[in-house]
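> Below is the structure, and that's it, no one-letter string:
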Ligand SMILES: [Zn+2]
């Protein structure tokens, strides 16, 4: 038990997956044990269609996002846009 790490202090860093999504990896600073994945912040969510394809929400013009909220129909993207606006 002497060397058992309690993993109280953690470090977080973003990792981009092959499919383009970004997750935050949380590790212990002492023993580097993997703790958990945190979902990507909404601002790093990438559009997968349309004229702003492959851009992160934070790089897409706000005018497009507000337009999409009025006119868009993709539930997943609408939810991400809401989260993005809430985090601002
Ligand atoms: Zn640890």
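Done, it's in. Predicted, not measured: the structure shown is a model, and the values here were computed from it.
> can you pull out the strands in this protein?
According to DSSP state E, the chain carries its strands in the segments 10-16, 22-28, 34-38.
> Can you check which of these gets nearest to the ion?
Smallest distance to the ion across the strands of the chain (Cβ to the ion): 3.1 Å, for strand 22-28. The way it works is simple: take the backbone N, C-alpha and C, and place the C-beta from them, glycine included.
> Which residues does that closest one contact?
Contact partners of strand 22-28, identified using Cβ atoms under 8 Å, 6 or more residues apart in numbering, comprise 5, 7, 9-17, 33-41, 44.
> re the thing from before, so which of the strands of the chain is the most packed in?
strand 22-28 (a mean of 16; mean count of other Cβ atoms under 10 Å).
> What pairs with that one, parallel or antiparallel?
strand 10-16 (antiparallel), strand 34-38 (antiparallel) (DSSP bridges).
> residues of the longest helix anywhere in the chain that come out buried?
Secondary structure of the chain per DSSP state H: the longest helix is helix 75-87. The neighbour-count check on helix 75-87 (16 or more other Cβ atoms under 10 Å) flags 77, 80, 81, 84 as buried.
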